[in-house]
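> coordinates only, sequence not included:
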């Protein structure tokens, strides 16, 4: 198991940017594919972005493609989510997750989760 802690959330105006960070400990991060999910009040947790263990492969939800960028620094045991051109519908708690598989959009593929960080986008 790997322990994950997210940070970087906050309140931002529509059109603004935020950079989320996920710090990992307990095991070498390079052993895992990583992803970001989000959950808005009253809604199910949804996939945002995923990155392979090496960082060579990424996938995005259609709703964030072209605006969000996932990256990782295995030497720092960290994963990032750069969010640009934020919209009110991006408001949610954002979670970092790790998987021992190649990962994907299904949260059941991920076995470690952080506690989440709140992102609120004001219109």
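Sure, I can see it. If you're wondering where the values come from, they're calculated on a predicted model, not measured in any experiment. Residues are numbered from 1 along each chain as shown.
> distance of residue 61 from residue 13?
22 Å (CB to CB, to the nearest Å). Every C-beta, even on glycine, is put in place using the N, C-alpha and C of the backbone.
> For these two, work out which one has more neighbours and name it.
More crowded of residue 61 and residue 13, by other CB atoms under 10 Å: residue 61, with 16 against 10.
> Is residue 7 in contact with residue 116, as I believe?
No - if you go by CB atoms under 8 Å, residue 7 and residue 116 don't touch, sitting 10.5 Å apart.
> bridging residues for the nearest residue to residue 72 once chain neighbours are set aside?
Nearest non-adjacent residue to residue 72, counting by CB to CB, 6 or more residues apart in numbering: residue 79, 4.6 Å away. The partner list for residue 79 in beta bridges (DSSP bridges) reads residue 22, residue 72.
> next one: the one 4 residues further on
Residue 83 has these beta-bridge partners by DSSP bridges: residue 18, residue 68.
> Any idea how many residues pack against it?
By the measure other CB under 10 Å, the count of residues near residue 83 is 26.
> any low-confidence regions in this protein?
Within the chain, no stretch has pLDDT under 70.
> What are the phi and psi values at the most centrally placed residue in it?
Centroid-nearest residue in the chain, with CA atoms, centre = their mean: residue 36, separated by 2.3 Å. Main-chain torsions, residue 36, degrees, to the nearest 10: phi -120, psi 140.
> Also residue 109?
According to degrees, to the nearest 10, residue 109 has phi -80, psi -10.
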